[in-house]
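Visitor: need coordinates for the following:
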Amino acid sequence: MAELELAAEHLDVLAEMNEFNLEGRYPITYVAPPTQEEALNYMKKARMMFEWLTRQL
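Guide: Numbering: from 1, shown residues only. Sure thing, here's the model as predicted:
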């Protein structure tokens, strides 16, 4: 659709963070909340992805 070429690293980050979307879509699925350190790491990765996507515009 958008014809973006995602590197394997980008796909890995998106797949890793997607597991947190499962609970919202499928309430029966339980994913343990991340630790504070893990949450900060996810935020860093999310910012990296956002900045990369913004540069693609």
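Visitor: list the buried residues in the longest helix along the chain.
Guide: Longest among the helix segments of the chain by residue count, using DSSP state H, is helix 36-55. Buried residues in helix 36-55, counted by 16 or more other Cβ atoms under 10 Å: 45, 49. Where C-beta positions appear, they are placed from N, C-alpha and C, glycine not excepted.
Visitor: so what's residue 39 closest to, chain neighbours aside?
Guide: residue 33 (8.0 Å; Cβ to Cβ, 6 or more residues apart in numbering).
Visitor: count of neighbours near that neighbour?
Guide: Neighbourhood size, residue 33 [other Cβ atoms under 10 Å]: 10.
Visitor: do the same with residue 17
Guide: 13.
Visitor: check residue 34 too.
Guide: 13.
Visitor: okay, and the helix or strand of the protein with the least pLDDT?
Guide: Within the chain, no helix or strand scores below helix 21-25, which has a mean of 71 by mean pLDDT, DSSP states H and E.
Visitor: other SSEs contacting the longest helix of the chain?
Guide: helix 8-18 (3 or more Cβ pairs under 8 Å, 6 or more residues apart in numbering; DSSP states H and E).
Visitor: just the C-alpha atoms of the helix it packs on, please, in PDB.
Guide: Output of helix 8-18 as PDB, limited to C-alpha atoms (Å, rounded to 0.1, in the frame of the first residue of the first chain):
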ATOM      1  CA  ALA A   8      14.300  -6.500   9.100                       C
ATOM      2  CA  GLU A   9      15.100  -4.400  12.200                       C
ATOM      3  CA  HIS A  10      11.900  -2.300  11.600                       C
ATOM      4  CA  LEU A  11       9.800  -5.400  11.100                       C
ATOM      5  CA  ASP A  12      11.200  -6.900  14.300                       C
ATOM      6  CA  VAL A  13      10.400  -3.800  16.300                       C
ATOM      7  CA  LEU A  14       6.800  -3.600  15.000                       C
ATOM      8  CA  ALA A  15       6.200  -7.300  15.600                       C
ATOM      9  CA  GLU A  16       7.600  -7.100  19.100                       C
ATOM     10  CA  MET A  17       5.400  -4.200  20.000                       C
ATOM     11  CA  ASN A  18       2.400  -5.700  18.300                       C
END
